[in-house]
Each structure stands twice: as C-alpha cells, then as structure tokens.
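Novice: heads up, no residue letters with this:
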C-alpha cells in the first residue's frame, strides 16, 4: 500500500514538474501554439489521473514533438522523457525505444553528445 502511494506521489511530482516546464515553453509561443501545447499537456494530465498511461504517454509524446516542430528542442526533452517513462511502466518497449531515439537525436542537435549516448 505504501509503495502504491509513493508511486502516485512520484507521478504527481512529475506532472507538476512538467507543468512548470510547459509554462516556461508556453510563454515563448504564439497564442495559437500555446493553446495547442496546453491541450496536449492537459490531455496527458487527465489521462494520467485516470490511469490511462498509454494515452498519457502518447499525449506527452505529441507535446514533445510539437515543441520540436516549433524549434523548441530543449523544451521537448522533458515531455519525451515523461512519455518514455510511462511507456516503460506499461512495458511498451517498442515505443520506449522510439522515444529514446528521438531524445538522443535532440541531445545531439543541441551538442550534448554525452547525454545523446545514454
């Protein structure tokens, strides 16, 4: 029971952290783009609350890819990491590999080669 509560606390902390990063990224986007990113983050949060982790992971992935599309590579990384973490928790290792491949490419693009190899 205690471990289950710790798991929920950890997930809540991660969501709060991601919302912080979202607010930073959103401040630098157009109103239309902000609304779109908000939609992905809100969907991810709602799915996670309902323990629909596959859908939450997909929404975080979309948020990350949207940031990449807008040239916000550094902002994409936390969303993609959360997506990979959720996919790993539900043992969808094919999608974990896909997400980590994108994270590695992002780190290489921002000249952080040490992290690109992890």
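Specialist: Structure received. Source: prediction; values computed, not measured.

Novice: which residue, other than its chain neighbours, is closest to residue 76?
Specialist: Excluding its sequence neighbours, the residue lying closest to residue 76 (CB to CB, 6 or more residues apart in numbering) is residue 67, at 3.7 Å. Any C-beta I mention is one placed from the backbone N, CA and C, and that applies to glycine too.

Novice: do the same with residue 79
Specialist: In space, residue 79 is closest to residue 64, 3.7 Å off (CB to CB, 6+ apart).

Novice: tell me the pLDDT at that neighbour?
Specialist: Here, the pLDDT recorded for residue 64 equals 97.

Novice: same check, this time on the one 4 residues further on
Specialist: In the prediction, the pLDDT value recorded for residue 68 is 93.

Novice: secondary structure element holding the residue nearest to residue 76?
Specialist: Here residue 67 sits within helix 53-69, counting by DSSP states H and E.

Novice: all helices of this structure, in order?
Specialist: 2-26, 31-49, 53-69, 73-89, 93-109, 113-116 (DSSP state H).
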